[in-house]
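Q: Quick one: sequence plus predicted model below, questions after.
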Amino acid sequence: MSDSGTANTPKPSSSVKLVLLGEAAVGKSSLVLRFVNNDFQENKEPTIGAAFLTQKCSLPTRTIKFEIWDTAGQERFASLAPMYYRNAQAALVVYDVTKPSSLTKAKHWVAELQRQASPGIVIALVGNKLDLTNDGGGETQADAERDSGVEGDDTLQNQEEQDDNTRGDARKVSTREASTYAEEEGLLFFETSAKTGLNVVDVFTAIANAIPESSLKSGRAAGAGTGQTTLGGGRSADDSRVNLGDRGSATAKEGCAC
Amino acid sequence: MESTDPNPSKTSLTDGNVQIRLNDDDDSSSKRSAEHHSSDRSPSPEGPPPPLPPRPSTLSLLDDGGAAPGTPRLNTPVAHSTLQSRATTAVSLTEIASHDNGKEELHLRGLPETVRARASLGHLAAPRGGSDASDSASIRSFAPYSELGDVENIFGDLAPPDSDVVQQDSTGLMQFPEFQADDMDDDFTVEFEPVGDIEEGGENEELVLEKWKAKRKHYIILSAAGKPIWTRHGDGGLISAYVGIIQTIISSYENSKDRLSGFTAGDTKFAVVAKGPLYLVAISRILESDTQLKLQLEALYMQILSTLTLPSLTHLFSVRPSTDLKRPLQGSETLLSTLADSFTRGSPSTLLSALECLKIRKAHRQTINNTLLRTKAGNLLYGLIVAGGRLVSVVRPKKHSLHPGDLQLLFNMIFEAEAVKAGGGESWIPVCLPGFNSSGYLYMYVSFLDLREDAETADESTVTTEESVAIILISTDKESFFELQKMRDSFVEQMEKNGSIKIIKEAITKGRPSTTDIVPGTVLHHFVYKSRANVQFAMSSYNPEFSSALRRRRLISTYNNLHASVHAKHTHVKVHHCVTQSSSSFAWVTPVFELYCVAGPHANRNALAQSASKIVRWVQKEEERLFIIGGAVF
């Protein structure tokens, strides 16, 4: 793609369209608010329709401007979802670690995205509300960063220990279950807490890094509405599934300047 | 017919009257919150009431509730008996007197013989079949109630049914019910606090129920099949028993081809609206008229349509009459709640079915209109600039007007509910505007203008509802978000350039004028002026007299009463002056406008009238600033 040339100039800016999907009340809006405003509201009211927000994220080689569609999770809005993910380069599929049904719903969204969205879409599976589990509260930020790697073995071991140890833990979806699924489907995987901010920026940074440079466009042209091109069109087949293996946990280390 | 009270013994009968205790606990039943008395009303096409049976002497039992400890804030019937002698002036005595007769009938009528009442209550509590016909016959009232809705409320709401003294005095000096006095120890804001959840094990159930019963206003929406759909206070579990009772009562009327429209129990008014597969019920102890409660219920129904559209609502129930509507409505409950609370708080907009505009110069509004027209996106249907619920500017196609009811729903969603504001970005919302077209969705772009000059402090200061300015762009095209976003950007840019943003900001800071700004030294504390042709209203500032929620509620109640009396059917009241303990109020209605105003209790009537006419002159002089006349069309 011709656009990819711009990636060589120092700190080019590109926009990335990102959509959040997931069951109602898993914390999609809270994740976005944490990322965009570094803010958290207890008992936030449900989103109606969808909200559109933007936030810049600075990587060593480029600046990514996220154009975020935060969709409402209620069933009745589901039919509008294609409108939001149709041209998206990235999707955050969010579930609630204390609610198993929300992971099931997340899997449905992943399947729908794989079927209907642009072939190259980067999908991150995000288990939110980690603050309600035992590993949410006590964990230090350093731990969090270490754990934020996709297949970090230590995360799994931690989890196994803590699964046995269930004092006051509201966790109902084990890290292993979700991460195994994410691995099978080739998704980025994170557990976050929008409330404490744990891992939130890391998710977006990882996504920014995972977007193939070839699919990045410069400037804000992508936001201009009806002129948008469908990204899937000219992409070659090997681009269509992002290989997460060679990115790994290193991606999460990059800090956002936001 | 599900979930009726399983235990008929919890239903107590009193001679000649039906008294249903909704309280599960007999011990605390004296702290009642809702006792039904024999249903006083239903719309009945059957003409004048039959001869009335003599009033049983046991009627005083009905008053237990009013004086019971559970309801200390309420005006008790006793209090009202004493209020009777206070000064009250009403104009158009003949009309009042004639309606008073109607009221008397309402109170006297329909007290069936003991035996029949027992039979009917047995039916309500535990349907046993067999005696349906006579049961419903005994409950049904025969008064042509629908004709008298307003009047009954105004003149009869709080009068105890057994106070013959009141009844005898039908000379036209009537007692107006009044919202509770200021000095009563009360915190109106408690009304809006959640009742909390029942803990596992149910230890706190009684406490939660107590709180629930202490609410002075309830809204309950249920399906015709008896499934609870939404309630303002509590949850489906808490209210399921009541929902069962309500459904039983309503459907027993429907079975006999009648329709229950409402009834009164002591100081509590029940209003029922049936809309297709839904029953909407309002229960009020804050002196609202039947008509007003019904308007509120209609608005809640419109909110449901706005979420689902009429065809999909109809479809859901035609496929499965036992549909649980809670799921399709998920996430829109807060919209219903904020709407309900705005009614409970009291809003002139609802009362008058009209909109308020931000007062700016005509030329300034013209500039904003033109800017909107110039930047208009191709697929724009409606464009609105709204400052804290007050319209600044509107553009619309020539052939489509805007419906105040629709705008009320939009303003509720945008300014009252936190959902849109808290999103922090731009919103794209599918919404059905039932007044425009109840069968499909429109798509609404919403973004808020940031009027704060200093971006540094932006995070610290919170923008109040009054101060927030929303740009609302509505299209029929669900793909047009980016196009409307572009329109918004260029519109705001031009508004910055031509100084309109500054003008809006100044108008917001200035606020509404106080009555003394308009008429120096006036006795008036507050007024509301509705321009009938424009379906818009203007009013004075709530401050300082009505800044508290309770005082404001009382002000609105006063307006409610005035409004109801001048709009009562078969009355042709033009001017209405009313004095109560806490205020004297004045209504003036012409084909062009309606003016309602309130002064202190001892205000001189002439001074009041003079001020009122000065207000009218002022409004007429400022008309083109106060109202949007015509608006921008394309």
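A: Okay, I see it. Numbers count the residues shown, from 1 in each chain, chains lettered A, B, ... in the order given.
Q: got a list of what residue B:596 touches?
A: Listed by Cβ atoms under 8 Å, 6 or more residues apart in numbering or on different chains, the contact set of residue B:596 reads B:527-529, B:559, B:562-563, B:585-588. C-beta coordinates here come from the backbone N, C-alpha and C atoms, glycine included.
Q: just residue A:34 next, same as before
A: By Cβ under 8 Å, 6+ apart, the residues touching residue A:34 are A:40, A:194, A:197, A:200.
Q: host element of it?
A: Per DSSP states H and E: residue A:34 is located in helix A:28-37.
Q: Any chance you could list what contacts the very next helix or strand once past that helix?
A: Where DSSP H and E defines the elements, the next helix or strand beyond helix A:28-37 is strand A:50-58. Applying Cβ under 8 Å, 6+ apart, the set of residues contacting strand A:50-58 from outside is A:11, A:13, A:29, A:32, A:35-36, A:63-72, A:77, A:80, A:84, A:204-205, A:208, A:256-258, B:423-429, B:481, B:485.
Q: mind listing the strands for the stretch 301-450 of chain B?
A: Under the criterion DSSP state E, counting those that start in this stretch, the stretch 301-450 of chain B carries strands at the ranges B:355-356, B:380-387, B:390-396, B:426-431, B:442-449.
Q: circling back to that earlier point, would you mind checking the contacts of strand A:50-58 for buried ones?
A: A:13, A:29, A:32, A:35-36, A:63-72, A:77, A:80, A:84, A:204-205, A:208, A:256, A:258, B:423-429, B:481, B:485 (16 or more other Cβ atoms under 10 Å in any protein chain shown).
Q: Which of those residues fall within helices?
A: Counting by DSSP state H, the members of these that fall within helices are A:29, A:32, A:35-36, A:84, A:204-205, A:208, B:481, B:485.
Q: just these now: which is nearest residue B:244?
A: Within the set of these, residue A:29 lies nearest residue B:244; the separation is 36.6 Å, counting by Cβ to Cβ.
Q: returning to what we had before: for chain A, find the nearest of the strands of the stretch 301-450 of chain B.
A: Between chain A and the strands of the stretch 301-450 of chain B, the tightest spacing by Cβ to the nearest Cβ is seen for strand B:426-431, at 3.4 Å.
Q: now for the closest one, which elements pack on it?
A: Contact partners of strand B:426-431 among helices and strands, from 3 or more Cβ pairs under 8 Å, 6 or more residues apart in numbering or on different chains; DSSP states H and E: strand A:50-58, strand B:442-449, helix B:481-497.
Q: Identify all contacting residues around it.
A: In contact with strand B:426-431 (Cβ under 8 Å, 6+ apart) are residues A:48-53, A:77, A:80, B:306, B:409-410, B:413, B:420, B:441-447, B:478, B:481, B:485, B:488.
Q: Can you flag the buried ones in those residues?
A: A:48-53, A:77, A:80, B:306, B:409-410, B:413, B:420, B:441-447, B:481, B:485, B:488.
Q: Turn the contacts of residue A:34 into a markdown table, columns for neighbour count, pLDDT and distance to residue B:222.
A: Converted to a markdown table, the contacts of residue A:34 look like this (neighbours: other Cβ atoms under 10 Å in any protein chain shown; pLDDT from 0 to 100; distance: Cβ to Cβ, whole Å):
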| residue | neighbour count | pLDDT | distance to residue B:222 |
| --- | --- | --- | --- |
| A:40 | 18 | 93 | 36 |
| A:194 | 28 | 96 | 35 |
| A:197 | 18 | 95 | 42 |
| A:200 | 25 | 96 | 41 |
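Q: from the residues you listed, which two are the most distant?
A: Largest separation among the contacts of residue A:34 by Cβ to Cβ: A:40 and A:200, giving 9.7 Å.
Q: Need the overlap of contacts for the two.
A: A:34, A:194.
Q: What distance do you get for the closest residue to residue A:18 other than its chain neighbours to residue B:397?
A: The shortest distance from residue A:18 to any non-neighbouring residue, by Cβ to Cβ, 6 or more residues apart in numbering or on different chains, is to residue A:90 (4.3 Å). The gap separating residue A:90 from residue B:397 is 38 Å, by Cβ to Cβ, to the nearest Å.
Q: More neighbours: which of those two?
A: When neighbours are counted by other Cβ atoms under 10 Å in any protein chain shown, residue A:90 and residue B:397 differ, and residue A:90 comes out ahead with 29 against 11.
Q: Closest one to residue B:518 out of the contacts of residue A:34, please.
A: When those are compared for distance to residue B:518 (Cβ to Cβ), residue A:40 comes out closest, at 45.7 Å.
Q: hang on, that closest one packs against residue A:33?
A: Yes. The pair residue A:40 / residue A:33 is scored as a contact, 6.7 Å apart, by Cβ atoms under 8 Å.
Q: any residues in contact with both of the two?
A: Residues touching both residue A:40 and residue A:33 (Cβ under 8 Å, 6+ apart): residue A:194.
Q: circling back: of the ones in helices among the buried ones among the contacts of strand A:50-58, closest to residue B:618?
A: Once Cβ to Cβ is applied, the member of these that ends up nearest residue B:618 is residue B:485, at 40.8 Å.
Q: ok, now which ones touch that closest one?
A: Contacts for residue B:485 (Cβ under 8 Å, 6+ apart) come out as A:52, A:225, B:426, B:445, B:447.
Q: Show me what from chain B comes close to chain A.
A: Proximity of chain B to chain A, by Cβ under 8 Å from any Cβ of the partner chain, involves residues B:307-308, B:327-328, B:330-332, B:334-335, B:413, B:417-420, B:422-431, B:444, B:478-479, B:481-483, B:485-486.
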